[in-house]
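Visitor: dropping the sequence and predicted coords here.
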Amino acid sequence: MGILWALTACQQKAPELLFNGQNLDNWEMIAADETIDPQSLFKVEDGVIKVAGSSNGYLRTREVFNNYQLHLEWRWTEKPTNSGVLLHVNGYDFWPNAIEAQLQHEHAGDVVFIGNGISGTIADSTYTNKERRFTIVPKYTEGIEKPAGEWNSYDIICERDKISIYVNGTLQNEAKNLSLTGGAIGLQSEGSPIEFRNVYLEKGRSEK
């Protein structure tokens, strides 16, 4: 299924805003360091989510979802380092069980399986986390990301046990036969300051 098909299908229904441009009332904040106030990592200014990146943590939606198309835009405001979009988040640990659409600099579009036993198939290979927390599968194409200060886009289609990841309109990864098929959506603080805007769902959603 291509992105154009998905975009056409979702025109029947108005997008659902996950971020309203004003506050983070629809999100929960998690900090890896319990001594840090997670509100110090995330704030809203000028219609964007500003993520400090000074300490590890993540925002997660209060609701859980499956069968949807997620759109969001991000940019690095200083030296690009590391972040990610967490899909099908289950649990409240700093590293919950999830499928990550990587945002590490020059690796946007990599897929990361997070959590023991989490598995999926990419191309002709099946990956299963055994006695480890992470498995990283590289993206298809280099040179798709824009430089620091410029906005990039993710369009991520989650349909049943399959995820398709587009960076700036280019398909960069597809995973299927996923062991996780629904959960919360998360945005990471990890490395350096990053901003997010226009975070919304297209194509509909289903609550679990």
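Guide: Received it, and whenever you're ready, just let me know what you need.

Visitor: am I right that Gln39 falls within a helix?
Guide: Yes. Assigned with DSSP: H, G, I helix; E, B strand; the rest coil, Gln39 falls within a helix.

Visitor: please name the residues that touch it.
Guide: Residues in contact with Gln39 (CB atoms under 8 Å, 6 or more residues apart in numbering) are Met29. All C-beta atoms are positioned from the backbone trio N, CA, C, and that covers glycine.

Visitor: tell me which residue lies nearest the centroid of this structure.
Guide: Centroid-nearest residue in the chain, with CA atoms, centre = their mean: Val85, separated by 1.9 Å.

Visitor: most remote residue from this structure's center?
Guide: Relative to the chain centroid, the chain (CA atoms, centre = their mean) has Thr35 farthest, 25.5 Å.

Visitor: quick check: end-to-end length of stretch 160-179?
Guide: Here the two ends of stretch 160-179 are set 10 Å apart, with distance taken as CA to CA, to the nearest Å.

Visitor: so what's the residue nearest to the centre of the chain up against?
Guide: In this structure, Val85 makes contact with Leu70, Leu72, Glu100, Ala101, Leu103, Tyr154, Ile156, Ile185, Gly186, Leu187, Gln188, judged by CB under 8 Å, 6+ apart.

Visitor: go through those and name the one nearest Pro15.
Guide: Pro15 lies nearest to Leu70 out of these, by CB to CB, at 10.1 Å.

Visitor: wasn't that closest one part of a helix?
Guide: No. When three-state DSSP is applied, Leu70 is found to be strand, with no helix at that position.

Visitor: rewinding a little: list phi and psi for the residue farthest from the centre of the chain.
Guide: With angles defined as degrees, to the nearest 10, Thr35 sits at phi -80, psi -10.

Visitor: who's the residue lying closest to Ala148 once chain neighbours are set aside bridged to?
Guide: Of all residues not flanking Ala148 in the chain, Trp76 sits nearest, at 4.2 Å (CB to CB, 6 or more residues apart in numbering). For Trp76, the beta-bridge assignment (DSSP bridges) gives partners Ile194.
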